[in-house]
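Novice: no sequence for this one, just the structure:
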């Protein structure tokens, strides 16, 4: 137990984590923008992985009118495809928040107003989606790190991805906006200062623990 207590501080120093966050406010789809993140400062240690998290929100209204001469079931899906990309536009992570609602419509009521018995609307609704990607790629390590840190700009975009299904003769309209929050997390092994040795008190505790362990074994023998 004494040995474990003495070594605990050294074991916990083997890994460290730094996270940076940036976001894009709710904006009518379709849009493209850039987010800024700090690079990993290589003076802190050696990178072991980079995690990219992307959370997206879609918000809007969907409406439909069935022109069929018979009753039909119609499903409206309000969605947005959000993506986070490297500076060279290659994809890092994608998420697709979607809201879905189903309607039971009668035959066309002779009024294409997205209301009555053959039409309807979702009202203002929203949905959230999230996804992540972990990179252990040497090229990403080089791209996202430098001595002293610095910054890197990542692209973010949101494309409207809404649809209406369930009727052969269907009018639909959608009005959507999307927002996104991205996080970049660096996991690394901290640099150990040259000549870093355990404190005398720690050494004494280690030695004491080893002595105690030896005494217990001798007694059992």
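Specialist: In hand now; what should we look at? Just so we're clear, the structure is a prediction, and the values are computed from it rather than from any experiment.
Novice: and after the helix or strand of the chain with the lowest mean pLDDT, which helix or strand comes next?
Specialist: Lowest by mean pLDDT, DSSP states H and E among the helices and strands of the chain is helix 2-12, with a mean of 44. Later in the chain than helix 2-12, the nearest helix or strand by DSSP states H and E is strand 16-28.
Novice: Give the pairing partners of that following strand; include direction for each.
Specialist: strand 170-190 (antiparallel) (DSSP bridges).
Novice: buried residues in the strand it pairs with?
Specialist: For strand 170-190, the neighbour count (16 or more other C-beta atoms under 10 Å) marks 170, 172, 174, 176-188 as buried. In this view, the C-beta of every residue, glycine as well, is placed from N, C-alpha and C.
Novice: cool, and stretch 69-88?
Specialist: For stretch 69-88, a neighbour-count test (16+ other C-beta under 10 Å) marks 72, 74, 76-86 as buried.
Novice: Give me the mean pLDDT for that stretch.
Specialist: When pLDDT is averaged along stretch 69-88, the result is 98.
Novice: Stretch 107-115 now?
Specialist: Confidence over stretch 107-115 (mean pLDDT, whole number) is 96.
Novice: ok, and for that stretch, which residues are buried?
Specialist: Those would be 108, 114, for stretch 107-115 by 16+ other C-beta under 10 Å.
Novice: Any idea how far that stretch is from the middle of the chain?
Specialist: Counting by C-alpha atoms, centre = their mean, to the nearest Å, stretch 107-115 is centred 42 Å from the centre of its parent chain.
Novice: Distance check, residue 36 against residue 55.
Specialist: Residue 36 sits 17 Å away from residue 55, going by C-beta to C-beta, to the nearest Å.
Novice: Compare neighbour counts for those two and give me the winner.
Specialist: More crowded of residue 36 and residue 55, by other C-beta atoms under 10 Å: residue 55, with 18 against 10.
Novice: Thank you kindly, that will do.
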